[in-house]
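1. Any chance you can model this:
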Amino acid sequence: MNNEGYIKFDCIWKNESIDIPAEIFHSLNSWRDKLYNLSLIGVYQNGISYGNLSIKNSDGTFYITGSATGRKRFLSYNDYALVSEWHFEKNSLICNGKTKASSESLTHAAIYEADNTIKAVIHIHSEDIWNNLLNKIPATGMDIDYGTPEMAYELKRILVNKNNVLKSIIIMGGHREGILAFGESLDFAGDIILKNYQSLNN
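-> Here you go, the predicted model:
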């Protein structure tokens, strides 16, 4: 995991405060707190952060946790970024905020592009859940790394199949421990994560 958490795309970042609607901020923070408390979002002993979540706006932009924020116990408004534009073919992304957008932002963007019913995405790390779901649910190729155009194209390929959209959860094959849940709301995606966690810890 030496490169875990590092931004691999060209991040065009405008360092400025952004206005996050209170309802969206509280939804993001509430689920982020729950997942952090379960160590599904957090930081490894080597100081590298993992896990992120986002909510899509009606105009297609999305709010997402900032890069390397997994090490923080609590997040403020300044720990979120607004992603306004992305180009998979150029491996680039434009964001605003007091922090750079998560290293998984292109992954979130690909999921939002794949199906317009998806309004929220959560990326967690759990070796137990990953191992339990492997070969049971859709998975990206083992040779595809996170935060790359290849991962974005792979996710869009998988989600062309509406049955995979309805499953609302994907294993990141080349990103061991990495799991993506998504759906019509953050509550919907978060509940999928919690059900899988509880099934292994009850």
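
2. And the helix or strand harbouring residue 13, what's buried?
-> Per DSSP states H and E: residue 13 is located in strand 10-15. Neighbour counts over strand 10-15 (16 or more other C-beta atoms under 10 Å) mark 11, 13 as buried. For glycine as for every other residue, the C-beta is placed from the backbone atoms N, C-alpha and C.

3. for stretch 27-40, same thing?
-> Neighbour counts over stretch 27-40 (16+ other C-beta under 10 Å) mark 27-29, 31-32, 35-36, 38, 40 as buried.

4. would you list the residues you listed in JSON lines and tack on secondary structure?
-> Listed next are those as JSON lines, based on DSSP: H, G, I helix; E, B strand; the rest coil:
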{"residue": "27", "secondary structure": "helix"}
{"residue": "28", "secondary structure": "helix"}
{"residue": "29", "secondary structure": "helix"}
{"residue": "31", "secondary structure": "helix"}
{"residue": "32", "secondary structure": "helix"}
{"residue": "35", "secondary structure": "helix"}
{"residue": "36", "secondary structure": "helix"}
{"residue": "38", "secondary structure": "coil"}
{"residue": "40", "secondary structure": "coil"}
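
5. Out of those residues, the closest to residue 182 would be?
-> Minimum distance to residue 182 across the buried residues of stretch 27-40 is 12.7 Å, recorded for residue 31 (C-beta to C-beta).

6. Would you quantify the distance from that closest one to residue 86?
-> Here the criterion is C-beta to C-beta, to the nearest Å. By it, residue 31 lies 23 Å from residue 86.
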